[in-house]
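**Q** Sequence and predicted model, in that order:
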Amino acid sequence: MKLLIIGGTRFVGQHLVEAALARNHEVTLFNRGTHAPVARNVETIVGDRYTDLAKLRDRRWDAVVDTCGYVPRAVTAAAEVLRDAVDRYIFISSQSSYADVRVRGVAETAPLAQLTSEHLERANKIDTSGQPSYGELYGGLKALCEQAAEQTMPNRVLIVRPGLIVGPHDYTDRFTYWVVRVAQGGEVLAPGRPERPVQFIDARDLGAWIVAMAERGEVGVYNANASPDRVTMQDVLDQCKLSSESNAVFTWVSEEFLRREEVAAWSEMPLWLPEEDAPELAGFMFINVDKALAAGLRIRPLSDTIGDTLTWARTELAGNVLKAGIDIEREQALLRKWHHSSQP
């Protein structure tokens with residue numbers, strides 16, 4: 001199979017390339033060339049998707065995987081150029097594209113987020129020369145990108161909606177924070193209830209499954225995540241401790257305390273979403289993935305994800321300041337305050 005990947009040099013794209021090469025497929029990358037490709041035997045067409053799509057003309061691939069479509073005009077432009085050059089357009093979207101995740105079990109047919117024309121105009125003005133940040137527009141833009149692909153290439157589009165993607169090469173550091181922090185040992189601030197479920201997917205599982213779906217020529221919409229209720233926050237932290245053989249001790253602090261101290265969910269405390277103050281996100285960690293599992297999505301053991309992330313972090317991130325997670329001094333100050341407030 002000949003596979004074109006738009007992006008392909010960072011995180012999910014990197015694992016997609018590795019999965020495709022492992023199955024002896026021919027891979028071509030199209031990107032700005034700002035990051036080195038994961039393998040030498042991969043052709044790279046250097047260009048910007050906003051200005052250089054003409055470089056893809058007069059070529060032929062079996063499928064394209066769009067890893068970095070953020071605004072609908074960019075997806076429409078790529079799909080128009082590739083309409084006669086590929087059989088399938090695979091778009092990596094997001095579960096953030098859903099309009100409402102207040103309830104558990106949101107499936108692929110649930111309504112999608114919508115944007116006003118003013119929102120879309122603002123998104124189109126965002127500088128695309130670097131890594132774009134669309135904030136509250138992100139989910140609605142992803143939904144519009146899905147629609148753009150399907151409108152341009154009807155019945156030839158595979159839409160994949162992952163949740164939190166984790167594993168080696170994760171440049172967001174959201175999951176990596178816990179792996180690295182627990183490995184450092186000592187007293188670790190842990191948020192909320194230990195038994196609170198968390199839902200995520202290893203980027204390698206996602207990449208391997210997308211390649212398999214491309215091989216079969218699948219189309220349609222799929223949520224891509226591990227099963228809800230598969231692991232809890234305590235499972236994650238316990239496995240982090242086991243994998244690193246650290247002396248970490250977990251102090252579970254209440255949501256009320258975290259709110260009072262203005263600890264930011266998801267950024268300062270990755271994987272933590274308030275259960276009481278964020279009813280609009282009550283189902284975010286409980287997305288239905290039955291369809292993807294029935295289509296062959298396989299989830300590796302938690303120990304593999306954490307162990308491999310730790311190995312990568314120790315090699316690639318040694319001494320770096322993580323982009324997510326609470327500052328160690330602030331964490332320790334909060335722990336002291338928690339213990340003081342808990343005294344009888």
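**A** Everything's here; your move.
**Q** And the spatially most central residue of the chain, how far from residue 16?
**A** What sits nearest the mean C-alpha location of the chain, by C-alpha atoms, centre = their mean, is residue 165, with 3.3 Å. Applying C-beta to C-beta, to the nearest Å, the value for residue 165 to residue 16 is 12 Å. (Glycine included, C-beta is placed from N, CA and C.)
**Q** name the element residue 177 belongs to?
**A** helix 176-184 (DSSP states H and E).
**Q** What's the first helix or strand after that helix?
**A** Counting by DSSP H and E, what follows helix 176-184 is strand 187-191.
**Q** Given that next one, what are its sheet partners and their directions?
**A** Next to strand 187-191 in the sheet, as set by DSSP bridges, lie strand 249-253 (parallel).
**Q** Tell me the buried residues in the partner strand?
**A** 250, 252, 253 (16 or more other C-beta atoms under 10 Å).
**Q** Could you tell me the angle between it and helix 176-184?
**A** 130 degrees (axes from the mean of the first three to the mean of the last three C-alpha atoms, to 10 degrees).
**Q** Return the mean pLDDT over strand 249-253, rounded to an integer.
**A** Rounded to a whole number, the mean pLDDT of strand 249-253 is 98.
**Q** got it, and stretch 274-282?
**A** On average, stretch 274-282 scores 88.
**Q** Also stretch 329-344?
**A** pLDDT averaged over stretch 329-344 gives 89.
**Q** Over to stretch 216-232?
**A** 97.
**Q** For residue 46, which residues are in contact?
**A** 31, 32, 33 (C-beta atoms under 8 Å, 6 or more residues apart in numbering).
**Q** ok, residues contacting the helix holding residue 177?
**A** Identification of contacts with helix 176-184 by C-beta under 8 Å, 6+ apart yields 166, 170, 188, 236-237, 240-241, 243-244, 246, 248, 270-271, 306, 309-310, 313-314, 317, 322, 324-325.
**Q** One more pass at 6 Å, please.
**A** If you take C-beta atoms under 6 Å, 6 or more residues apart in numbering as the criterion, helix 176-184 is touched by 170, 188, 240-241, 244, 246, 248, 270, 306, 309-310, 313, 322, 324-325.
**Q** now stretch 141-153
**A** With C-beta under 6 Å, 6+ apart, stretch 141-153 has contacts from 69-72, 75-76, 79-80, 83, 89, 91, 93-94, 97, 112-113, 123, 134, 157, 159.
**Q** make it 8 Å
**A** Contacts for stretch 141-153 (C-beta under 8 Å, 6+ apart): 66, 69-76, 79-80, 82-83, 89, 91, 93-94, 96-97, 112-115, 120, 123, 134, 157, 159, 221.
**Q** Buried residues, it. List them.
**A** For stretch 141-153, by 16+ other C-beta under 10 Å, it's 141, 142, 143, 144, 145, 146, 147, 148, 149, 150, 152, 153.
**Q** mind saving the C-alpha coords of the helix or strand that contains the fifth one as PDB?
**A** Translated: residue 145. Secondary structure from DSSP H and E places residue 145 in helix 138-152. The C-alpha coordinates for helix 138-152 follow below in PDB (Å, rounded to 0.1, in the frame of the first residue of the first chain):
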ATOM      1  CA  TYR A 138     -10.900  23.600  18.500                       C
ATOM      2  CA  GLY A 139     -13.800  21.100  18.800                       C
ATOM      3  CA  GLY A 140     -16.100  23.000  16.400                       C
ATOM      4  CA  LEU A 141     -13.300  23.400  13.900                       C
ATOM      5  CA  LYS A 142     -12.500  19.700  14.000                       C
ATOM      6  CA  ALA A 143     -16.200  19.000  13.400                       C
ATOM      7  CA  LEU A 144     -16.200  21.300  10.400                       C
ATOM      8  CA  CYS A 145     -13.000  19.700   9.100                       C
ATOM      9  CA  GLU A 146     -14.700  16.300   9.200                       C
ATOM     10  CA  GLN A 147     -17.600  17.700   7.100                       C
ATOM     11  CA  ALA A 148     -15.200  19.400   4.700                       C
ATOM     12  CA  ALA A 149     -13.500  16.100   3.900                       C
ATOM     13  CA  GLU A 150     -16.800  14.200   3.500                       C
ATOM     14  CA  GLN A 151     -18.300  16.900   1.300                       C
ATOM     15  CA  THR A 152     -15.300  16.900  -1.000                       C
END
